[in-house]
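Q: Here is my input, please return the structure:
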Amino acid sequence: MSKSEIVNLRLPKEHIKWLDTLVEKGIYKTRSEALREFSRKYLVENN
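A: Reported below is the predicted structural model:
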């Protein structure tokens, strides 16, 4: 895997609440982990 870079992202509060719910349920450890996974899946499916 290539070197990672930090990206700041602004999301609506509803999206943050949804991400927090996924973390609270233990589906992801952090918001960042969830967003990385969503980004990877999107890029693989649409590249």
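
Q: Got phi/psi on the residue nearest to the spatial centre of the chain?
A: In the chain, the C-alpha nearest the mean C-alpha coordinate belongs to residue 35, at 0.8 Å (Cα atoms, centre = their mean). Main-chain dihedrals, residue 35, degrees, to the nearest 10: phi -60, psi -40.

Q: Quick check, it in contact with residue 7.
A: No - the pair formed by residue 35 and residue 7 falls short of the contact definition of Cβ atoms under 8 Å, at 9.1 Å. (Glycine included, C-beta is placed from N, CA and C.)

Q: Look up how far residue 28 lies from residue 38.
A: 10 Å (Cβ to Cβ, to the nearest Å).

Q: Neighbour count: the two, which is higher?
A: More crowded of residue 38 and residue 28, by other Cβ atoms under 10 Å: residue 28, with 17 against 12.

Q: Please name the residues that touch the more buried one.
A: Residue 28 sits next to 19, 22, 34, 37 when contact means Cβ atoms under 8 Å, 6 or more residues apart in numbering.

Q: Could you pick out the buried ones from the residues you listed?
A: Buried by 16 or more other Cβ atoms under 10 Å: 19, 34, out of those.

Q: The contacts of residue 28 in helices, which ones?
A: Among the contacts of residue 28, the ones falling in helices (DSSP state H) are 19, 22, 34, 37.

Q: Quick check: pLDDT value at residue 2.
A: Here, the pLDDT recorded for residue 2 equals 76.

Q: quick one: the helices in the chain?
A: Using DSSP H, helices in the chain cover 13-24, 31-45.
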